[in-house]
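Trainee: With the input below, show me the fold.
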Amino acid sequence: MNHIHLEKKGLRGLGIAESFHQNDKYSSLAGIVIRRDFIIDGFVFGKCTVEGDDATDSILEMYKKLERDDISFIMISGLIISMYNIIDIHKISENLGLPVIGVTYEDSKGIEESIKKHFPNSYKDKIDKYRHLEERTKISLHTGYDVYIRTSGCITSEAKKLLDVFTLQGSIPEPLRVAQLLAKTKT
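Mentor: Next comes the predicted model:
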């Protein structure tokens, strides 16, 4: 298990978010490298297939493109993106040796039925990937807002402390808010 070293003054993370339009074949992914003091010192773009299975590999490729060894964690806005393109945070964490936190903002009863309806002939693999994600944990941020997280490579209490450090207001941590803005410029 990797640990997030919050005491590091130069703590840097990679925040990743996506954007796409209804009829797009690909979703635009944007990643920003942000320091603990909110200085942005890098960004990267990627893409993944809407309704596909390539989001995990796209994120790994984005990280490689950065060619950096000073990133301490990865934060991702949603782990089921681009119409059921499911991100395997365990694979990312294991491949990169970094903690990975997936953040969502609303409670959900699950998406298995939606996957079955959307992929009537090929849903089994997607449902297996979805179940591999495990349950989300609800946490309350210092701003008074709740978010739902999944983690790999760190424990929930570390993830909460990290999210509190990087959330200035509301429920969206700055790395994800800025990455989302950047992703929208590419769609």
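
Trainee: Can you tell me the centre-most residue of this protein?
Mentor: Central residue of the chain (CA atoms, centre = their mean): I76, 1.3 Å from the mean position.

Trainee: Now do the residue of the chain most remote from its centre against G52, distance only.
Mentor: Most distant from the centre of the chain: N121, at 27.8 Å, with distances by CA atoms, centre = their mean. Distance of N121 to G52, given as CB to CB, to the nearest Å: 15 Å. Every residue, glycine included, has its C-beta placed from N, CA and C.

Trainee: Next: T143.
Mentor: For T143 relative to G52 (CB to CB), the value is 34 Å.

Trainee: ok, now which ones touch F20?
Mentor: By CB atoms under 8 Å, 6 or more residues apart in numbering, the contact set of F20 is 26-28, 50, 82, 187.

Trainee: For it, which non-adjacent residue is closest in space?
Mentor: Nearest residue to F20, sequence neighbours excluded (CB to CB, 6 or more residues apart in numbering): S27, at 3.7 Å.

Trainee: what's around that neighbour, how many residues?
Mentor: 25 (other CB atoms under 10 Å).

Trainee: these two touch, right, it and N85?
Mentor: Yes: S27 is within contact range of N85, at 7.3 Å (criterion: CB atoms under 8 Å).

Trainee: Now for the two: what residues contact both?
Mentor: Residues touching both S27 and N85 by CB under 8 Å, 6+ apart: 48-50.

Trainee: Can I get those in a markdown table including neighbour count?
Mentor: Formatted as a markdown table, the shared contacts of S27 and N85 follow (neighbours: other CB atoms under 10 Å):
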| residue | neighbour count |
| --- | --- |
| C48 | 25 |
| T49 | 16 |
| V50 | 19 |
